[in-house]
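Novice: Sequence plus the predicted model coming up.
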Amino acid sequence: MEVQAVAAAEVGGTAAALVAGELQAAVAARGRATLALSGGTTPAAMLTALAARRLPWEHIHVLQVDERVARGGSPDRNMSMLAARLLDAVAIPATNVHPMAVTDPDLDAAADRYAALLRVHAGNPARLDVVHLGVGSDGHTASLAPGEEAVQVSDRDVAVTGFYRGYRRMTMTLPLLSRARWTLWLVTGGHKAGVVGQLVAGDASIPAARVHTERATLVADLDAAALVGSSAHR
């Protein structure tokens, strides 16, 4: 895993530049690109910086890594932030934006349909071009938290979880995340320094470190990267 430890004010721009480069390379190589985005507050600056870049959005499909089971338009929905910070600010066709159908009364069927949609846009088995992930202080990534049954799923690309911090969720699973062509880990804050160290060390006791992609880059502020070896700070 490549590690880029930068000043807090530079995290969003650094991450956006990397994502933009990977998307442009994918479009050049295959005529289209798939971008899977996580929620949370950490990626807000990255999404704003990405929206300011000129990208071939007509050839880019945006997907969700995970989503809370909440009503449409709720501020608790990851899609609400993704729309406000990125999707509403760029000229992306509506048909290229793929929200998870978490208001469907049959969530398991909705998860299966999302997995089928992934195969349409990312091949069979689905292989995403760019996946953005964060890591929680408990070691979770996507909606794969310690002790969650979905962490053990090996035969599905999308699953529905139990309750975690007040919500059930739909999430991409470890097999799908691990097939990504490139993964961006984006982490900020000194309170996550310990778990960032575990992630970089490949400590499989945390779900995040069980994502094994071909290529991965961690962009972290200096506080979050404090326990990562100095040789990895670039």
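Specialist: Arrived safely.
Novice: now this protein, which segments are flagged as low pLDDT?
Specialist: Low-confidence segments of the chain (pLDDT under 70): 230-234.
Novice: make it 90
Specialist: For the chain, the stretches with pLDDT under 90 are 40-41, 71-76, 164-167, 213-214, 229-234.
Novice: which residues of it fall in strands?
Specialist: 2-6, 33-37, 60-64, 66-68, 97-98, 130-133, 158-160, 169-172, 182-187, 216-221 (DSSP state E).
Novice: so which of these comes closest to residue 202?
Specialist: Of all the strands of the chain, strand 216-221 sits nearest to residue 202, with 10.8 Å by Cβ to Cβ. Quick note: C-beta positions are derived from backbone N, CA and C, even for glycine.
Novice: helices or strands up against the closest one?
Specialist: strand 2-6, helix 11-30, strand 182-187, helix 193-201 (3 or more Cβ pairs under 8 Å, 6 or more residues apart in numbering; DSSP states H and E).
Novice: Among those, show me which one is buried the most.
Specialist: Highest mean neighbour count of the helices and strands packed on strand 216-221: strand 182-187, a mean of 24 (counted as mean count of other Cβ atoms under 10 Å).
Novice: what's the angle between it and strand 2-6?
Specialist: Per axes from the mean of the first three to the mean of the last three Cα atoms, to 10 degrees, the angle that strand 182-187 makes with strand 2-6 is 40 degrees.
Novice: Just the residues contacting strand 182-187, thanks.
Specialist: Strand 182-187 has contacts (Cβ atoms under 8 Å, 6 or more residues apart in numbering) with 1, 11, 15, 18-19, 22, 42-43, 46, 129-135, 177, 196, 199, 208, 211, 213-221, 224-225.
Novice: Stretch 197-213 now?
Specialist: So stretch 197-213 is contacted by 1, 3, 131, 133, 135-136, 138-141, 144-146, 148, 151, 174, 177-183, 185, 187, 195, 218, 227-228, 232 (Cβ under 8 Å, 6+ apart).
Novice: if we can go back for a sec, output the strands of the chain as JSON lines; include the columns distance to residue 86.
Specialist: Formatted as JSON lines, the strands of the chain follow (distance: least, Cβ to Cβ, whole Å):
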{"stretch": "strand 2-6", "distance to residue 86": "21"}
{"stretch": "strand 33-37", "distance to residue 86": "8"}
{"stretch": "strand 60-64", "distance to residue 86": "8"}
{"stretch": "strand 66-68", "distance to residue 86": "15"}
{"stretch": "strand 97-98", "distance to residue 86": "10"}
{"stretch": "strand 130-133", "distance to residue 86": "11"}
{"stretch": "strand 158-160", "distance to residue 86": "22"}
{"stretch": "strand 169-172", "distance to residue 86": "19"}
{"stretch": "strand 182-187", "distance to residue 86": "14"}
{"stretch": "strand 216-221", "distance to residue 86": "17"}
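Novice: so which of the ones you listed comes closest to residue 78?
Specialist: strand 66-68 (5.2 Å).
Novice: hmm, back to that, buried deepest among the strands of the chain, which one?
Specialist: strand 169-172 (a mean of 29).
Novice: re earlier: dump the helices and strands packed on strand 216-221 into TSV; add distance to residue 88 as well.
Specialist: As requested, the helices and strands packed on strand 216-221 are exported to TSV (distance: least, Cβ to Cβ, whole Å):
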stretch	distance to residue 88
strand 2-6	27
helix 11-30	17
strand 182-187	21
helix 193-201	31
